[in-house]
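> Next input, structure requested:
(chains A and B)
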2 protein chains.
Amino acid sequence: MSDATERLLGAIAFDVDGLVPAIAQQHDTGEVLMMAWMNRDAVQLTLAEGRAVYWSRARHALWRKGETSGQTQRLHELRLDCDGDAVLLLVEQQGVACHTGRRSCFFRAWRDGDWATIAEPEIDPAKLYPPERD
Amino acid sequence: MSDATERLLGAIAFDVDGLVPAIAQQHDTGEVLMMAWMNRDAVQLTLAEGRAVYWSRARHALWRKGETSGQTQRLHELRLDCDGDAVLLLVEQQGVACHTGRRSCFFRAWRDGDWATIAEPEIDPAKLYPPERD
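A predicted model of the protein is given here:
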């Protein structure tokens, strides 16, 4: 492992599962797009490839954001919080971040005693994920 | 439990420890301030009191943000992501979010092979936490 990689990964407090929560934010508008998880490989690949790579807890596999849907996230900057247990990715989101076709995954707001949907799909999810997908 | 509380908590996918990650974002500037955790009580108290209440995993206790430091977060809106396993708090941050005295906890950026400090303290941490504090 290179010195830089040691500095990179050594500062991140991965949890007992080897994961760290990762927040993706559109770099210019400040919009919070989604939250996902990264393991050590995902952090390294994100920097090496210049685009967001997460760890899918459901599929137990690396997940190159946009690999299927084309809705990639180009990395602008990786940031780390004070105690090292959360990372913030400033990204350029291609299209939409959410699998529902919405720009942000945070499209529900608690208003007047119920969850309100505050954003509509910009893209038909069926067009993001072809039916022949696994 | 009231119907509204059932709707509120029923939509949130708390993890096996009964927690959900919570991102705090300054409502007008979009700045991501910090990431912490909430349990069911923290979510309910945040709405009831109109200010961010988290669950401290280190202290195993509810943590009213700013209780000691005075740096409270007034709630503007609680949002939930598509699969219900992350919440976003839009807040009005009083002073600074970070215990280091910085506005945001995400003050380290990966640049040129090392972590760079990209923000300086705005308040002396010693003034946030009096020495007689536990």
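
> Just the local confidence number for A:Pro131, please.
At A:Pro131, the model reports a pLDDT of 68.

> Where does the residue nearest to A:Leu33 when sequence neighbours are not counted sit: helix, strand or coil?
Nearest residue to A:Leu33, sequence neighbours excluded (Cβ to Cβ, 6 or more residues apart in numbering or on different chains): A:Ala97, at 3.8 Å. Yep, even glycine has a C-beta here, placed from its N, CA and C like the rest. With DSSP: H, G, I helix; E, B strand; the rest coil as the basis, A:Ala97 sits in coil.

> So what's the residue count around A:Ala97?
28 (other Cβ atoms under 10 Å in any protein chain shown).

> distance of it from B:Met35?
For A:Ala97, the distance to B:Met35 equals 17 Å [Cβ to Cβ, to the nearest Å].

> Okay, and the closest residue to chain B within chain A sits in which element?
For chain A, the residue closest to chain B is A:Gly30, as judged by Cβ to the nearest Cβ, at 2.3 Å. Per DSSP states H and E, A:Gly30 falls between elements, in no helix or strand.

> Tell me how many other residues crowd it.
15.

> For stretch A:104-117, measure first residue to last.
From the first residue to the last, stretch A:104-117 extends over 12 Å; the measure is Cα to Cα, to the nearest Å.

> Please apply the same query to stretch A:12-32.
21 Å.

> for that stretch, which positions count as buried?
Neighbour-count burial for stretch A:12-32, counted by 16 or more other Cβ atoms under 10 Å in any protein chain shown, picks out A:12, A:14, A:19-27, A:31-32.

> where's A:Asp41, which helix or strand?
A:Asp41 belongs to helix A:40-49, assigned by DSSP H and E.

> so what does that helix touch, helix or strand wise?
helix A:3-10, strand A:53-56, strand A:61-64, strand A:73-80 (3 or more Cβ pairs under 8 Å, 6 or more residues apart in numbering or on different chains; DSSP states H and E).

> Work out the sheet partners of the third one and label each with its direction, please.
By that I understand strand A:61-64. Using DSSP bridges, the strands paired with strand A:61-64 in its sheet are strand A:53-56 (antiparallel).

> In JSON lines, list the helices and strands packed on helix A:40-49 along with mean neighbour count.
Shown next, in JSON lines, are the helices and strands packed on helix A:40-49 (neighbours: other Cβ atoms under 10 Å in any protein chain shown):
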{"stretch": "helix A:3-10", "mean neighbour count": "13"}
{"stretch": "strand A:53-56", "mean neighbour count": "21"}
{"stretch": "strand A:61-64", "mean neighbour count": "15"}
{"stretch": "strand A:73-80", "mean neighbour count": "21"}
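
> what's the burial count for A:Arg40?
Other residues close to A:Arg40 by other Cβ under 10 Å number 17.

> thought it was touching A:Leu8?
No. The criterion here is Cβ atoms under 8 Å, and A:Arg40 misses it with A:Leu8 at 9.1 Å.

> Please report the distance of the residue nearest to A:Leu33 from A:Ala61.
For A:Ala97, the distance to A:Ala61 - Cβ to Cβ - is 19 Å.

> same deal with A:Asp81?
As judged by Cβ to Cβ, A:Asp81 and A:Ala61 stand 26 Å apart.

> Just the pLDDT at the residue of chain A positioned farthest from its centre, thanks.
Computed with Cα atoms, centre = their mean, the residue of chain A farthest from its C-alpha average is A:Asp112, at 29.8 Å. We have a pLDDT of 96 for A:Asp112.

> next one: A:Val53
A:Val53 is given a pLDDT of 98.

> out of everything not next to it in sequence, what's closest to it?
Once flanking residues are discounted, A:Val53 sits nearest to A:Leu45: 4.2 Å by Cβ to Cβ, 6+ apart.

> To what extent is that neighbour buried, counted in neighbours?
When neighbours are counted by other Cβ under 10 Å, A:Leu45 comes out with 18.

> Off-centre distance for stretch A:14-33?
6 Å (Cα atoms, centre = their mean, to the nearest Å).

> hmm, I was thinking of stretch A:35-47
Worked out by Cα atoms, centre = their mean, stretch A:35-47 lies 9 Å from the chain centre.
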